[in-house]
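[1] model this:
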Amino acid sequence: MTPIDFTSPRAAARAFTPKLSDLVEAPLYAEVWNDSDLAPRDRSLITIACLIAMNHADELPAHLHRGIQNGLTRTELSATITHLAFYAGFPAAITASAYANAALSGQDDAST
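    Okay, the predicted model is just below:
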C-alpha cells in the first residue's frame, strides 16, 4: 500500500475522487470559508475541534497549520485539545496532541 500524504487533504483525495475534491474547492473553500459571518480563525478552530471529536486525525496536521496561518496560537490549540478531552474523550485528545506535536514541532510560531 502506498503511504497517504495528508499534507493537503484535497490533493490526497483528488487522485481517486476528483469530483469530491472539486466539491471541497467549491463550494466549501470558495464560498463557506470566505463567508464573512465567521472569521477564518474561528472556522479553523471549529474545524480542528470537529476533526478531533470525530477522530479524523489524518487531516488534523493540515488544519493545524492552517489554524496557525489563520491566527491561532499553539497555546490556544493546546487548550482546545485539553478542553475536548472532556467532550470528545481522552483517547481523541491524546491522539490529537501527538499529531499536533508532530505537525507543529520545529515550526516557528512567535505567538505561543
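
[2] okay, and for the chain, where does confidence drop off?
    Along the chain, segments meeting pLDDT under 70 span 108-112.

[3] center of it - which residue?
    Residue closest to the mean C-alpha point of the chain, counted by CA atoms, centre = their mean, is residue 63 at 2.4 Å.

[4] and it, how far is that from residue 96?
    Distance, residue 63 to residue 96, by CB to CB, to the nearest Å: 11 Å. For glycine as for every other residue, the C-beta is placed from the backbone atoms N, C-alpha and C.

[5] Residues touching whichever strand or helix holds the residue nearest to the centre of the chain, excluding its own?
    In this structure, residue 63 sits in helix 60-69 according to DSSP states H and E. Helix 60-69 is contacted from outside by 6-9, 41, 44-45, 47-48, 51-52, 74, 77, 96, 99-100, 102-104, 107, 109, using CB atoms under 8 Å, 6 or more residues apart in numbering.

[6] can you rerun that using 6 Å?
    The set of residues external to helix 60-69 that reach it, using CB atoms under 6 Å, 6 or more residues apart in numbering, is 9, 44, 47, 48, 51, 99, 100, 103, 109.

[7] Could you dump these into a markdown table with secondary structure added?
    Formatted as a markdown table, the contacts of helix 60-69 follow (DSSP: H, G, I helix; E, B strand; the rest coil):
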| residue | secondary structure |
| --- | --- |
| 9 | helix |
| 44 | helix |
| 47 | helix |
| 48 | helix |
| 51 | helix |
| 99 | helix |
| 100 | helix |
| 103 | helix |
| 109 | coil |
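
[8] Can you select the buried ones among these for me in PyMOL?
    Remark: buried members of those, expressed as a PyMOL selection using 16 or more other CB atoms under 10 Å:
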select buried, resi 9+44+47+48+51+99+100+103
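
[9] Report the contact partners of residue 85.
    For residue 85, the contacting residues are residue 93, by CB under 6 Å, 6+ apart.
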